[in-house]
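here are the coordinates; sequence isn't available:
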């Protein structure tokens with residue numbers, strides 16, 4: 001896959017985000033991994049393009065790895081609450097075809113409320129987490 005202005009236009013981004021790209025990189029063309037290295041593109045915009053450019057399975061693998069990377073925060077605060085860990089296990093089982101969609105959804109819903117606050121707080125404010133997520137996106141961009 002080649003990322004360039006025509007590819008991005010086909011994704012139907014917000015006008016201001018496309019304008020930002022065009023102002024800085026109108027003639028740029030390259031891989032998804034290369035796009036993730038562009039310094040004038042926000043992390044949020046990189047994530048937006050990434051999730052629209054990789055397969056569903058790669059998005060699931062990415063989500064599992066990100067969840068695993070912040071799981072310790074939740075478990076330090078709530079050591080007896082195993083819902084997030086169980087949801088990650090269920091997601092892996094689903095990804096490997098060993099759990100039905102309905103059962104995986106039930107695990108996800110079960111864990112969502114417990115896990116969301118800790119993960120969001122960590123991911124939103126921690127530069128180390130943001131760098132990790134960007135590097136992970138680049139890893140999955142190479143797999144396509």
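Right, received. Where do you want to start? Just so you know, these numbers come straight off a predicted model, no measurement behind them.

after the lowest-mean-pLDDT helix or strand in the chain comes which helix or strand?
Between all helices and strands in the chain, the lowest mean by mean pLDDT, DSSP states H and E belongs to helix 101-125, at a mean of 64. Sequence order places helix 127-143 as the next helix or strand after helix 101-125, per DSSP states H and E.

Just the mean pLDDT for that following helix, thanks.
Mean pLDDT, computed over helix 127-143, is 79.

Check stretch 56-70 too.
Stretch 56-70 comes out at a mean pLDDT of 86.

What are the buried residues along it?
Buried residues in stretch 56-70, counted by 16 or more other C-beta atoms under 10 Å: 58, 60, 61, 62, 64, 66, 67, 69, 70. All C-beta atoms are positioned from the backbone trio N, CA, C, and that covers glycine.

can you check stretch 137-144 too?
Quick answer for stretch 137-144 (16+ other C-beta under 10 Å): 137, 138, 140, 141.

Make a markdown table from those residues and add distance to residue 100 to it.
Below are those laid out as a markdown table (distance: C-beta to C-beta, whole Å):
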| residue | distance to residue 100 |
| --- | --- |
| 137 | 29 |
| 138 | 32 |
| 140 | 25 |
| 141 | 30 |
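
Quick check: the farthest pair among the residues you listed?
138 and 140 (7.5 Å; C-beta to C-beta).

what's the overlap in contacts for these two?
Applying C-beta atoms under 8 Å, 6 or more residues apart in numbering, one finds that no residue jointly contacts residue 138 and residue 140.

can you count the residues close to residue 107?
20 (other C-beta atoms under 10 Å).

ignore the last one, residue 14
Neighbours of residue 14 under the rule other C-beta under 10 Å: 10.

Likewise for residue 73?
Using other C-beta under 10 Å, residue 73 has 19 other residues around it.

No more questions from me, cheers.
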